[in-house]
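J.: make a model of this:
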Amino acid sequence: MLNEILEFEAYVKDPESADPRIQPKMLTKNYESDDLNGIGGILVILARGFILGFETEQKIYNEDGLVNENILNDTKYILLQWCGFDLNVLESKEKAINDDLENHRQCILEWQKTYPEADGWLKKYWLHHCPEKKKEQWENVESEWNKKLCSKNKEYSQKQITLTSVIAIALERGPLRKRYMTLRKDTSEKPEKDPKKRFAYLYSRIEPHKDGSGTSIHETTREQILKNIAAYLIGKEYHPKNQRFILLDRGRLMGWYGKDDYGYADEAWYRPRVIWEEKQIMEAHSGDRGWNFIKLSINQEFLEHFEFQLISEEQIADIDKSGYWILEDIGHGTKSLKCLE
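T.: Predicted coordinates:
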């Protein structure tokens, strides 16, 4: 999620990968849900990659500053094609425009040539990764999600993602970005020398479980905590300036973890027991079990103390590497956060 370009590429190449970014069990738990099990966030990434990668600024907006109708139609076409859904659900006007790809839609042809595996990606992924008993449900999945994505009655509903809302969010967020996260190194007299424990200084202790167990955390969990913090800082960019919590997309975060937890265990994606200065580092403001999203805040004093911030590649040269860690996102799964020494 720090490197949105790598995330995008994971969704358009090799749907039968043995190490998929979309975690199979999470996707197939309940396909009837209005938020499409997190697929909405992925569609936004795809729309940003298509619109801002295969179109020009001049083509996106007309003279009145409105989005060109062709851009809307092209993007809907690409997104439904990626899903492997029936393109006949597009309105007749949209179909008529898209039927003549040779003359009117060079950007679509360029996309298809650049990312041939993106055609029907989600369907191929589903049929390859899902259990046999789930494969027969694909027609129902396509029917249900098609109706929701192409709904005209809830195009901008906060509770239901549609193709129109996906495009609106994509245009608001702009081109895919590659970010880095920086934080202050351990300034104690005896900083940890073991690379596997180098970030243990970020917390004071771990609140034990009721049975007294679980007072330490694994290296992979420390990495996941850093990913949560990065996701929080990214989310803050799209929320009001003084708002402390963000709406965190569980599916994309767990995909970044490379963790296929479909049981919606609370501590699978945020860590309330991790304590710094006798306060929780992170806190959930919504606790309904089974949610694909959560309102999450990170302790502001904690963030300020360790000077967490997001930077661009051009800003790396300005960072004092003797006093700050620079974290690079090199993919998904464990050990996908790399320290630039």
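
J.: what residues does the spatially most central residue of the chain make contact with?
T.: For the chain, the residue nearest the mean C-alpha position is residue 252 (3.7 Å; C-alpha atoms, centre = their mean). Contacts for residue 252 (C-beta atoms under 8 Å, 6 or more residues apart in numbering) come out as 1, 7, 38, 41-42, 231. The C-beta positions use only the backbone N, C-alpha and C, and glycine is treated the same way.

J.: tabulate those (TSV), appending distance to residue 258.
T.: Output for the contacts of residue 252, formatted as TSV (distance: C-beta to C-beta, whole Å):
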residue	distance to residue 258
1	13
7	12
38	15
41	17
42	15
231	14
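
J.: show me which pair in the residues you listed is furthest apart.
T.: Checked with C-beta to C-beta, the contacts of residue 252 reach their widest spread between 42 and 231, with 14.7 Å between them.

J.: neighbour count winner among these two?
T.: When neighbours are counted by other C-beta atoms under 10 Å, residue 42 comes out ahead of the other of residue 42 and residue 231, with 27 against 21.

J.: helix or strand: which one has the more buried one?
T.: Using DSSP states H and E, residue 42 sits in helix 39-54.

J.: for that helix, give me every contacting residue.
T.: Contacts of helix 39-54 with the rest of the structure, by C-beta under 8 Å, 6+ apart, involve 4, 7-8, 11-12, 22, 27, 60, 71, 74-75, 78-79, 82, 107, 110-111, 122, 145, 161, 163, 165-167, 169-171, 173-176, 249, 251-252.

J.: go on, stretch 62-72?
T.: Residues contacting stretch 62-72 (C-beta under 8 Å, 6+ apart): 51, 55, 59-61, 97, 104, 164, 167, 171.

J.: show me how far it is from its chain's centre.
T.: The chain centroid and the centroid of stretch 62-72 are separated by 27 Å under C-alpha atoms, centre = their mean, to the nearest Å.

J.: how about stretch 108-120?
T.: With C-alpha atoms, centre = their mean as the basis, stretch 108-120 stands 21 Å off its chain's centre.

J.: then stretch 320-335?
T.: 18 Å.

J.: so what touches the longest helix seen in the chain?
T.: Longest helix in the chain, counting residues (DSSP state H): helix 219-236. Applying C-beta under 8 Å, 6+ apart, the set of residues contacting helix 219-236 from outside is 1-2, 179, 181, 196-197, 199-200, 202, 217, 243, 246-248, 252-253, 256-257, 259, 269-271, 274, 281-282, 296-298, 303, 308-310, 327, 329, 334-337.

J.: list the helices and strands the helix or strand that it is followed by packs on?
T.: Next in sequence after helix 219-236, counting helices and strands by DSSP H and E, comes strand 245-249. The criterion is 3 or more C-beta pairs under 8 Å, 6 or more residues apart in numbering; DSSP states H and E, and the helices and strands that strand 245-249 contacts are helix 219-236, strand 293-298.

J.: how about the first one: buried residues?
T.: The reference is to helix 219-236. The neighbour-count check on helix 219-236 (16 or more other C-beta atoms under 10 Å) flags 219, 222-236 as buried.

J.: okay, helices next: where are they in the stretch 101-250 of the chain?
T.: 101-104, 106-114, 121-129, 132-135, 138-149, 163-173, 219-236, 250-257 (DSSP state H, counting those that start in this stretch).

J.: which of those sits closest to residue 322?
T.: Checking the helices of the stretch 101-250 of the chain against residue 322 by C-beta to C-beta gives helix 219-236 as the closest, at 20.0 Å.

J.: centre of the chain to the closest one, how far?
T.: Relative to its chain's centre, helix 219-236 lies at 12 Å (C-alpha atoms, centre = their mean).

J.: on that earlier part again, whichever of the contacts of stretch 62-72 end up buried, select them in ChimeraX.
T.: Command for ChimeraX that selects the buried part of the contacts of stretch 62-72, burial taken from 16+ other C-beta under 10 Å:
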select :51,55,97,164,167,171
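
J.: okay, the contacts of stretch 62-72 in CSV with pLDDT and distance to residue 208 next?
T.: Formatted as CSV, these follow (pLDDT from 0 to 100; distance: C-beta to C-beta, whole Å):
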residue, pLDDT, distance to residue 208
51, 93, 49
55, 72, 54
59, 79, 58
60, 85, 54
61, 83, 56
97, 46, 61
104, 49, 63
164, 90, 48
167, 93, 47
171, 92, 47
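
J.: I'd like to know which of the contacts of helix 39-54 are buried.
T.: Taking 16+ other C-beta under 10 Å as the criterion, what is buried in the contacts of helix 39-54 is 4, 7-8, 11-12, 22, 27, 71, 74-75, 78-79, 82, 107, 111, 122, 145, 161, 163, 165-167, 169-171, 173, 176, 249, 251-252.

J.: in contact with residue 123, which residues are there?
T.: 83-85, 138, 142.

J.: swap in 10 Å and give it another go.
T.: Counting by C-beta atoms under 10 Å, 6 or more residues apart in numbering, residue 123 makes contact with 15, 82-85, 138, 141-142.

J.: likewise residue 108?
T.: 50, 54, 73-75, 77-78, 81, 98, 101.

J.: pull out the buried members of these.
T.: 50, 54, 73-75, 77-78, 81, 98.

J.: would JSON lines of the residues you listed with secondary structure and distance to residue 186 be doable?
T.: Formatted as JSON lines, the buried ones among the contacts of residue 108 follow (DSSP: H, G, I helix; E, B strand; the rest coil; distance: C-beta to C-beta, whole Å):
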{"residue": "50", "secondary structure": "helix", "distance to residue 186": "43"}
{"residue": "54", "secondary structure": "helix", "distance to residue 186": "45"}
{"residue": "73", "secondary structure": "helix", "distance to residue 186": "54"}
{"residue": "74", "secondary structure": "helix", "distance to residue 186": "50"}
{"residue": "75", "secondary structure": "helix", "distance to residue 186": "46"}
{"residue": "77", "secondary structure": "helix", "distance to residue 186": "51"}
{"residue": "78", "secondary structure": "helix", "distance to residue 186": "46"}
{"residue": "81", "secondary structure": "helix", "distance to residue 186": "49"}
{"residue": "98", "secondary structure": "helix", "distance to residue 186": "56"}
